[in-house]
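Enquirer: My questions concern the predicted model and sequence given below.
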Amino acid sequence: ANTWYFYFNLNYHFQFTGKDFVTMEDFEFAYDKQTMGVDLKSRVRDMEDKKITAYHEAGHTLVAFYTKEAMPIHKVTIIAKGQSGGHTAFVPKNDQWHQTRSQLLAQLDVAFGGRAAEELIFGKEKVTGGASADLSQASNISEAMIKELGMSEKLGLRVYSERTLANGLVGDSINGEIDE
């Protein structure tokens, strides 16, 4: 379904522009529309909102740039798309079948980069809820590392099923490890 939607967007953009051939710009448009959603040009944003978004996205970008195992940065925008005020897009260096522990930890670092930038620039009391998707992504990664991938040094090489997690003692251990 995702492939079909990508080519639909590509074809629509191509027909809309009236060009005789497809360019890389057309592919970029289709990719952006599929991954980030449509531009919300009707959303009126004041300069303060744009400034917060710019620092937030810059935080992701800087952390990714300086983190060895982070994916390469593809594109950064503060144009509102879909539900977000901005977006930092990453594209893997090449097709990967596996992700290492250091790559997953790099994803966690990058996810927290936006929130960290907001806190550094504006202070703890002025951080926004703009990091909610980033925090959700980081939570999913850290939980998977501990519960499904056996990447916890404290809990060991083990997968924790829902049945195992029903035991309060094991569940408390896992929750404590996730919180760290």
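Expert: Done, it's in.
Enquirer: who are the neighbours in contact with the residue of the chain most remote from its centre?
Expert: In the chain, the residue that sits farthest from the middle, by Cα atoms, centre = their mean, is D20; the gap is 35.1 Å. By Cβ atoms under 8 Å, 6 or more residues apart in numbering, the contact list for D20 is empty. C-beta coordinates here come from the backbone N, C-alpha and C atoms, glycine included.
Enquirer: what about the helix or strand hosting E48, average pLDDT?
Expert: Secondary structure assigned from DSSP states H and E places E48 in helix 47-66. What helix 47-66 shows for mean pLDDT is 95.
Enquirer: For the next helix or strand after it, buried residues please.
Expert: Remark: after helix 47-66, the chain's next helix or strand is strand 73-77, criterion DSSP H and E. Within strand 73-77, the residues scored as buried using 16 or more other Cβ atoms under 10 Å are I73, T77.
Enquirer: Let me have strand 73-77 in CSV, keeping just the CA atoms, if that works.
Expert: Backbone C-alpha positions of strand 73-77 (Å, rounded to 0.1, in the frame of the first residue of the first chain) are rendered in CSV as follows:
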residue,chain,number,x,y,z
ILE,A,73,20.6,13.5,7.6
HIS,A,74,18.5,13.8,4.5
LYS,A,75,16.4,16.9,5.0
VAL,A,76,15.4,19.3,7.8
THR,A,77,12.3,21.5,7.6
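Enquirer: So which elements touch that strand?
Expert: helix 47-66, strand 87-90 (3 or more Cβ pairs under 8 Å, 6 or more residues apart in numbering; DSSP states H and E).
Enquirer: can I get these in TSV with distance to Q15 and mean neighbour count?
Expert: Formatted as TSV, the helices and strands packed on strand 73-77 follow (distance: least, Cβ to Cβ, whole Å; neighbours: other Cβ atoms under 10 Å):
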stretch	distance to Q15	mean neighbour count
helix 47-66	31	18
strand 87-90	25	18
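Enquirer: From R158, how far off is S142?
Expert: S142 sits 16 Å away from R158, taking Cβ to Cβ, to the nearest Å as the criterion.
Enquirer: And the two? Which one has more around it.
Expert: Neighbour count, other Cβ atoms under 10 Å: between S142 and R158, S142 has more, with 21 against 14.
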